[in-house]
Every structure is written in structure tokens, then in C-alpha cells.
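**Student:** Just to be clear, the model below is a prediction. Sequence and coordinates:
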Amino acid sequence: MMNMGSREKLGLALIAIALIALPFVLAAAGTAWVRITNFAVLFVLLSLGLNIVVGFAGLLDLGYVAFYAVGAYVYALLASPHFGLHLPFWVILPIGAAVACLAGVILGAPTLRLRGDYLAIVTLGFGEIVRIFMNNLSAPINLTNGPKGINRIDSFQIGPINFAGSDTLAGLVFSGPIKYYYFLMLVLLIVIVINRRLQDSRIGRAWVAIREDEIAAKASGINTRNIKLLAFAMGASFGGIAGGMFAAMQTFVSPESFVLNESIMVLAMVVLGGMGNIWGVIAGAVLLSFVPELLRYTVEPAQMALFGKLLVDPEVLRMLVFGLALVLTMRFRPAGLWPETRHRRELSEGRV
Amino acid sequence: MTGILLEARCIDKRFGGVQALKDVSLTIRSGEIYGLIGPNGAGKTTLFNVFTGLYPRDGGEVMFCGMPLRLESPHEVAAAGIARTFQNIRLFGNMTALENVMVGRHVRTRAGVFGAILRTRTERAEEAAIRRRADELLHYVGIADRADDLARHLSYGDQRRLEIARALATEPKLLALDEPAAGMNATETAALRRLIEGLRRDGLTVLLIEHDVKLVMGLCDRVAVLDYGEKIAEDVPESVRANPKVIEAYLGTSTT
């Protein structure tokens, strides 16, 4: 990582150029694809956050979407006509991260003694509690507007540039989704750097040590309580930031977006990609975000061409293929498509 | 022998109706190798787990370096200066040998989340120092050539050594080894013995649980014998060997 070879540098540069050009290529195919890509990036962010809790620290969290919801609602409440507040996004996103972080500690503190299945059940409950709160906090004081959700949420605004509309610069049309795309990429870059650095730090090692053997970690002098809380808090803040961006991109939030299915989806991304490996998690998230969309766009025309009528609803088939893919992965690559390897130095330096 | 490093007074531990430890008192002096022997189920490992904060005790107290030792949380015990290994090796299997030892430095280092994210100068310096020290310790226990291998890929004897290196990384005053020679062949045991003797030469105090009577008698300065949770003897090896209670409980007729 420290001293990259020139080939690696070239590879990174090519990837960077491809990622910069990507939205315009996608926009040619339809703005919908840019939106789909943005949601994929959002899920990459969520997966990277959950990876800290599940991948690094080994704490099975089935309620991760709760932090996403907290971030989204913080944004919605502070930047919509609901309370008449219209704070700028760069103020709200950190607030959302902080509130989600607090929620992470609130979830973490009582569950510190739990592991595995038991922890999964409690976190699952927590996720549902948050959603049900959002659903019901419309009376006596209307805080969340209940199941109707909050709409007309402000888009991002940087100076004169509003992310809701299009701008033209040097002959290129920057539509709203394209602007969000670049912003998301910036956030993603920061989150990846944070993840990498944490992974290779004293804290990151402590997380992995707890995952590997909690008793040995304790005996080696790790304050497992604090370090686990830290994992929950860090993971939750990433979820909070992703939630804030989700609210701004959708301009609408409702409890329906934060169901258990979403938590399971994010967890599946982490597990499929390879728990603990940042690049694997990213690959898993991208794959699981795009494959269903691709199926959605191909299954119907394919059936029409083959049979002349629609035999299986694309939505049903989508989940079917999805489930099959997961089962196959777990059968043939149980550690994920791109598992964590800790042979880094060995591979890059050769045997000394 | 100089001062007293650890003094346990009247330690009691019950598991339901079973009295695992009854009124156990012992003193470990600075710089000695203190052996703890006894038949299976005598309470040796239980006593270890009480000393290192893994089990809550039902009575008694432990003085360490002249101060009462807080036994509530294992990491505080480690911070106070007691490190241990486990009877059934407990390494971080999917971390490299080097990383395992680096984890041991956790308790003596400070870098937090922000230091790590910002890669501050202090954090980088500390990280380099951790790596250097871990490397030294791997050399010390003689497995430096396995530094980048996953702990679970190490041979049994090397895993034992790695556990000792990880324990040493916490800068202990007292190193507690729980049956380090278990499952080792004669060559490995001899090498382990040299390693433990080296630790004593370097000024470390060692508490040793061991079944290999020859190793204990040859290595230890003093030996305590546990039987059914009670201490039945504590003395230099020669006297313990001659103690009729010990012979009856443990050594049997094989000691001549």
C-alpha cells in the first residue's frame, strides 16, 4: 500500500477515469441508470459501515437499517417544510452521523454480552423498533408524520448549484443524479480511506482480535466493552451519513424504506463479497445492487421474445435468481467472493 | 530472592455446589519461577482464571506489587502487569503471527480512532514502534521467520511460542503459563524449558501450571500443590517431592 508499483498506479488511474466518465456513459442509456448507480453506491457505503461491525468486529447486526433510517429522518426533519427548517446539507450530514452514532451506542451498550444468534435477534428487534417509532411518532406531537412520511425534502445546494436541477458546464449536461454521483463518489473515497486506515490500526486489530477470540482479546488487555461500542458507533455513523444522502436524493422518506429486508440485503452484500475485506464488500454491494436491476430490465423482454407472453413476473424471478446466487456462493465460496486475506505483506514483498 | 510480587489471600471459588477453590493463599516472589501442580480438576486453571479476572471470585483478595489487584475485568489485570497463555491455545487464528503480537501491545499504546483516521505523526510513530517491538518478540521466542503466516497455520509448538510472545507484548511483571508443554514432544519441551529459563534470566516472574513433573521440578524455584481446590503444599521442589501428602495426592509411587 505504501509503495505502489507503477502498474498499480496505472490501474488505479484507469479505474478513476472510468468512474469519472461513467455517469455520462450511463446518462446516454438513460438517467434511470445513473440513479440506479447512485443507489448502488449508497449500498456500498452502507455495506462498508456494516463491515466494521460484522466483518471486522464479528458482531452480527441484523438491524443496521435503523441507523440508515435515523440519518434519513434527521436530514428530512432538518431540511423540509415539515418543521420549516432548511439547514444546509453540510451541517445536517454530520448531525445525522452523530445522532446515528448515538443510536449505535444505545444499541451496543445493552447487547455487549451477547454474541452470534442472540445478538442478531436483539439487533433485529432494534431495527424494527426504530421503524415502528418512525411509523407512530406522529402523535401527540407530529415528529415523523407517521406512515405518510416526510416529503419535499431539500436537495443538496452548494452555492448557486442545486442538485435537483441540471447545469451545463463546458457543453456537458450535469443532471441532478450526475451531481449526486460525484458527491457520493467523494464520500465513498473518504469512507474507503477511513476503513483502510482503521483496519491497519491499533483499533482495527483490536476489532479483529475480538472477532477471532474474545477471551484471548480480553486477556491481551483489550477493553472489549469500549472497543465493541466503538465498532457499533463507527458503523452506525456511516449508516447515518448514507441515510442523509438517501433522503436528499429521494426528497421523500417514509418508514417503508427501512424494513428488515434492507438490513438483510446489506448483510448479504457484506457476506457475499467477503466479510472483512473492503474490496470484497464493495464488489458484493455493487453486484447485489445491479444484478436485480439488470434482471428487471432483461427478464421481461426475454420472456416476450421466447414465449410471446409473460410467464413469470420479473419481480418474482429476480428474488429467485437472487436467492439461488446466494445459496451457490455460500456453497462454493463460503468466505465470500473475495475473502479477507491477511497475507498482504507476504504477497507484495515475497518471502524474505 | 527479593520482594513479593503477588500475594493471594484466602481465594474462594464455587461453581454451584462445587468448591473449586477453598481458602487458597500463596505468595509469588519477584524473579522466581513458581510452579503450580496438582491432579486434573484440582483447580489450577480456575485459580489462573481468577488471577486474570476471567472468573469472578467468591472470596479472598490478591495483592499485586503491594497493591490490591482489581480482578473485575481482564484488561485491567493485563494493564496491571499480569499476562497469561491458555491451556487450549487461544490465538487470533486469522491474523498473522506478527499481528497477534501487535494486539498484545494494545494495552501499552494509546492511538484512537481519530489518530488512525488522520494518520497523525504520533500515530504513525506508535504504529512503527508496535511493529518493531512485535518483531523483536517474535525473534525472542524464535519464530521470526513465521511472522507473516496466519497463526492458525503455525505448528503446535510455534503456536505455544506465539502465545508467549503475545503475552510478553503486554509488558507483564508476571507471566502465567497454563500447561505450556502439554502435547509437546521431548525436543519441543526442552526448547520451551530454555525459553522459560531465558525469561527468568531477563528478570520476569513466571507462574507455571504444568503436568510434566520433571519439567516443573527441574525448572521451578518453588512449587505449590493443589488438590481438590486446596493448597496442600508450597515449598522448594525437593521438599514438595518428599511431602507425604503430595505423594499420596499426586505424585504416587513414581517419584524415586
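**Tutor:** Thanks, I have it.

**Student:** Point me to the residue of chain A nearest chain B.
**Tutor:** Taking Cβ to the nearest Cβ, chain B has its nearest neighbour within chain A at A:Gly221, 2.8 Å off. (Glycine included, C-beta is placed from N, CA and C.)

**Student:** what kind of secondary structure is that residue in?
**Tutor:** State at A:Gly221, reduced to three classes by DSSP: H, G, I helix; E, B strand; the rest coil: coil.

**Student:** Who are the contact partners of A:Ile192?
**Tutor:** A:48, A:278, A:282 (Cβ atoms under 8 Å, 6 or more residues apart in numbering or on different chains).

**Student:** and if we set it to 10 Å?
**Tutor:** By Cβ atoms under 10 Å, 6 or more residues apart in numbering or on different chains, the contact set of A:Ile192 is A:44-45, A:48, A:278-279, A:282.

**Student:** just B:Glu72 next, same as before
**Tutor:** Counted by Cβ under 10 Å, 6+ apart, B:Glu72 has contacts B:53, B:56.

**Student:** Now do it against chain A, distance only.
**Tutor:** 12 Å (Cβ to the nearest Cβ, to the nearest Å).

**Student:** Make sure I have this right: that residue is in a helix.
**Tutor:** No. Judged by three-state DSSP, B:Glu72 forms no part of a helix; its state is coil.

**Student:** those helices in the stretch 101-250 of chain A, which residues are they?
**Tutor:** A:116-136, A:176-199, A:202-212, A:214-219, A:224-250 (DSSP state H, counting those that start in this stretch).

**Student:** got those as TSV, with mean pLDDT and distance to B:Val50 columns?
**Tutor:** Putting the helices of the stretch 101-250 of chain A into TSV (pLDDT from 0 to 100; distance: least, Cβ to Cβ, whole Å) gives the following:
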stretch	mean pLDDT	distance to B:Val50
helix A:116-136	92	26
helix A:176-199	93	35
helix A:202-212	95	23
helix A:214-219	94	13
helix A:224-250	95	19
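
**Student:** Would you mark the buried spots in stretch B:229-249?
**Tutor:** Buried residues in stretch B:229-249, counted by 16 or more other Cβ atoms under 10 Å in any protein chain shown: B:229-234, B:237, B:240-241, B:243, B:246, B:249.

**Student:** just to revisit the earlier point, I'd like the contacts of A:Ile192 laid out as JSON lines, including neighbour count and distance to chain B.
**Tutor:** JSON lines is the format used below for these (neighbours: other Cβ atoms under 10 Å in any protein chain shown; distance: Cβ to the nearest Cβ, whole Å):
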{"residue": "A:Val44", "neighbour count": "25", "distance to chain B": "19"}
{"residue": "A:Leu45", "neighbour count": "26", "distance to chain B": "16"}
{"residue": "A:Leu48", "neighbour count": "26", "distance to chain B": "14"}
{"residue": "A:Ile278", "neighbour count": "21", "distance to chain B": "14"}
{"residue": "A:Trp279", "neighbour count": "13", "distance to chain B": "17"}
{"residue": "A:Ile282", "neighbour count": "25", "distance to chain B": "19"}
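
**Student:** Please identify the helix or strand for B:Arg110.
**Tutor:** Here B:Arg110 is covered by no helix or strand, with elements defined by DSSP states H and E.

**Student:** picking up where we left off before, neighbours of the residue nearest to the residue of chain A closest to chain B when sequence neighbours are not counted, how many?
**Tutor:** Of all residues not flanking A:Gly221 in the chain, B:Val107 sits nearest, at 2.8 Å (Cβ to Cβ, 6 or more residues apart in numbering or on different chains). B:Val107 has 21 neighbours, counted by other Cβ atoms under 10 Å in any protein chain shown.

**Student:** B:Val107 and A:Ser80, how far apart?
**Tutor:** B:Val107 is 48 Å from A:Ser80, where distance means Cβ to Cβ, to the nearest Å.

**Student:** This completes my enquiry, with thanks.
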